[in-house]
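Visitor: What shape does this take:
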Amino acid sequence: MTREIITTTDGGHLEVLTTGGGLAAAGSGIVVVPASMVTASDYTRFAQKLSESLGRPVHTFNRRGRGESSPQPEDYTLEADIRDLDSVMKHTSSTDVFGHSFGGAVALHAARTLPVERLAVYDPAVSVNHSVKADWTPEYERATAAGDYDRGLAVLIKGVETGGAFARMPLSMLTLANKLTAGTPMGKQMRELMTCGVREIKAVIAADMPAEPFLELPLETLIVVGEKSPAYFGVACGQIHDVLSGSSYTILPGFGHDGPNKAPDKLIAELSEFFSG
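Guide: Residues are numbered from 1 along each chain as shown. Below you'll find the model as predicted:
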């Protein structure tokens, strides 16, 4: 794996991790747009397996507020990540994109205007006809304003529903669990990213639209939803698939929202076949 810092159009910088093929083979690469509460390094196994299967490099970049990339602006909107994706695509001469969760929402909106040839998304957190709701954000903001970050994180985890059985715990128990895991690598990362994560959820809701504008997506679009993922992902994806006649829609059996991070062989095989054309 190679690590590179690139400069964006607004003078910011992004950390890009490239797996396989080296920078010399960048022209045939896949750009990975990560989810909210994770970093590029959480896709190491996924990138390695996909690169080995395709024989092509995979470029995973830390979105703003993560790793060595620039801080996320307080007035964040989806457009910031769309511009950054454009910078990474140009720098690596790549036209194939994979987006996961919030990264999938970025990729879907970006591919309407950027020169994306093949687009694959897994559980994209895109809001179509108000499919994504965040009525829990006032409670989150009250908790964090009072300095109770354990409770704030618990409200966030329960609100987005992506934590499986963990997210179904009573709020008081989940708050206690957050206190107990605060010193672990995962606990520290969740706290570091929760402010960015809530901004991004608000940005998704602000960008809500009907399904029809997604007709501008590339003909080669693959939509994958985890069998055990929260239902709202399937609601939006189904509406997009209905209007995008050339798209493929599949369900990954046995896996939830963290499917790409677990990198099961079935998902890697499906993505390899898709990106191979």
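Visitor: Need the per-residue pLDDT for Ala24.
Guide: Note on Ala24: pLDDT of 43.
Visitor: all numbers from here: first residue = 184
Guide: With 184 as the first residue, the last one maps to Ala207.
Visitor: quick one, strands of the stretch 334-460 of the chain?
Guide: 403-409, 431-435 (DSSP state E, counting those that start in this stretch).
Visitor: Quick one: the ones you listed as JSON lines, columns for distance to Phe281 too.
Guide: To be clear about C-beta, it is placed using only N, CA and C from the backbone, and glycine gets the same treatment. Converted to JSON lines, the strands of the stretch 334-460 of the chain look like this (distance: least, Cβ to Cβ, whole Å):
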{"stretch": "strand 403-409", "distance to Phe281": "9"}
{"stretch": "strand 431-435", "distance to Phe281": "14"}
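Visitor: Turn these into a markdown table, including distance to Phe457 and mean neighbour count.
Guide: Formatted as a markdown table, those follow (distance: least, Cβ to Cβ, whole Å; neighbours: other Cβ atoms under 10 Å):
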| stretch | distance to Phe457 | mean neighbour count |
| --- | --- | --- |
| strand 403-409 | 5 | 23 |
| strand 431-435 | 7 | 16 |
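Visitor: Please dump these into TSV; it should also carry mean pLDDT for every row.
Guide: Formatted as TSV, those follow (pLDDT from 0 to 100):
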stretch	mean pLDDT
strand 403-409	95
strand 431-435	96
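Visitor: where exactly do the helices run in the stretch 284-433 of the chain?
Guide: Assigned by DSSP state H, counting those that start in this stretch, the stretch 284-433 of the chain shows helices spanning 285-293, 320-328, 332-343, 354-363, 368-389, 414-426.
Visitor: quick one, which of the ones you listed is nearest to Phe457?
Guide: Nearest to Phe457, of all these, is helix 285-293, at 13.8 Å by Cβ to Cβ.
Visitor: Near Pro254, how many other residues are there?
Guide: Neighbour count for Pro254, taken as other Cβ atoms under 10 Å: 10.
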